[in-house]
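>>> Sequence below, structure please.
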Amino acid sequence: MNLAWLEKLDRRWLFLIVGVLTIGPLIRPLGLPLTTSPPVKSFHDAIAAVPDGALVLMSCDYDPGSKPEVVPMTKTALRQLFDKHCRIVITCLWPGGSGLVDQTLESVVAEYRARGKAPVYGTDYVNLGYKAGNEAVMVLMGMGVASAFPQDQRANRTATLPLMREVRDYSSFALLVNISSGYPGTKEWVQQVNSRFHLPMVSGCTAVSAPEYYPYLQSGQLRGLLGGMAGAAEYEKMRGEKGSATKGMDAQSLTHLFVALCIVLGNVVMWGKRKEVGA
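As a prediction, the model looks like this:
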């Protein structure tokens, strides 16, 4: 087979194909098969093991730059917790993330409102918003959550909220769910909270951060781990959801497959030319 014509192929055709392979599955998901990895199953099972109605601390430490990876796992975790009627206290330690976190939270609450069973703010969930200080905030929360966050995201005094009257410090929570994109994030929560206060913890993070956290998973300091969009998509599969992570994995898989095919064809063409020169 003569593939020499590939050398003269206008690169714009390649860009077009990549665009179609990326946008197509986002519009119409293909549902490519996914295998659930043990860290993702452990994340799901750790939340499933929390008693119904328990208090859960959720810290969303990211900003819009990592939205495609971390927002899908945040939404799925919120749904699992709300389905168990857990009462959630949410924090954010990234200055650029509080608006995105609030938007993500309220979009999930809106889903439940459409079904006529929306969680009630102040009773079923509270968004404490952003607090500067990184690890210092984590330590301060161990002395009293209300003292660390005297006001919530909506400028309410936390002491006036029914849910916050049941919250003292980390001992009030059954689990810590941390979704992070870097510093401060999972590593600091493990060091400052899990190690000091022995609060059980699971983590969702960007794909580039996941390898750093596997030792925490192996040591038992993390009960489960979601790594990037792939972890979020596997989590959606376990929950029977087809969210943006599942769509994103379809697009990513097809694009990677096409890039690999281009690499193979490029090498075949070069091998053919060398063979001709040798002849």
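
>>> can you list contacts of stretch 247-262?
14, 17-18, 21-26, 29-32, 34, 68, 72, 229-230, 233 (C-beta atoms under 8 Å, 6 or more residues apart in numbering). Every residue, glycine included, has its C-beta placed from N, CA and C.

>>> Report the buried members of the residues you listed.
Among these, those buried by neighbour count (16 or more other C-beta atoms under 10 Å) are 18, 21, 22, 25, 29, 34, 68, 72, 229, 230, 233.

>>> Please report how far the third one lies from residue 75.
Just to be clear, that refers to residue 22. Applying C-beta to C-beta, to the nearest Å, the value for residue 22 to residue 75 is 22 Å.

>>> ranges for the strands of the stretch 51-200 of the chain?
Secondary structure of the stretch 51-200 of the chain, counting by DSSP state E, counting those that start in this stretch: strands at 55-61, 87-92, 125-130, 175-180.

>>> Against which helices or strands is the first one packed?
Using 3 or more C-beta pairs under 8 Å, 6 or more residues apart in numbering; DSSP states H and E as the contact criterion, the elements in contact with strand 55-61 are helix 67-83, strand 87-92, strand 175-180.

>>> so the residue lying closest to residue 88 once chain neighbours are set aside bridges to which residues?
Distances taken as C-beta to C-beta, 6 or more residues apart in numbering place residue 125 nearest to residue 88, at 4.5 Å, with adjacent residues excluded. Beta bridges link residue 125 to residue 88, residue 121, judged by DSSP bridges.

>>> Strands - which of the buried ones among the contacts of stretch 247-262 land there?
Judged by DSSP state E, the subset of the buried ones among the contacts of stretch 247-262 located in strands is empty.

>>> Make JSON lines out of those and add pLDDT and distance to residue 273.
JSON lines is the format used below for the buried ones among the contacts of stretch 247-262 (pLDDT from 0 to 100; distance: C-beta to C-beta, whole Å):
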{"residue": "18", "pLDDT": "87", "distance to residue 273": "25"}
{"residue": "21", "pLDDT": "83", "distance to residue 273": "28"}
{"residue": "22", "pLDDT": "81", "distance to residue 273": "31"}
{"residue": "25", "pLDDT": "78", "distance to residue 273": "35"}
{"residue": "29", "pLDDT": "73", "distance to residue 273": "40"}
{"residue": "34", "pLDDT": "79", "distance to residue 273": "40"}
{"residue": "68", "pLDDT": "91", "distance to residue 273": "40"}
{"residue": "72", "pLDDT": "96", "distance to residue 273": "45"}
{"residue": "229", "pLDDT": "92", "distance to residue 273": "38"}
{"residue": "230", "pLDDT": "91", "distance to residue 273": "37"}
{"residue": "233", "pLDDT": "92", "distance to residue 273": "40"}
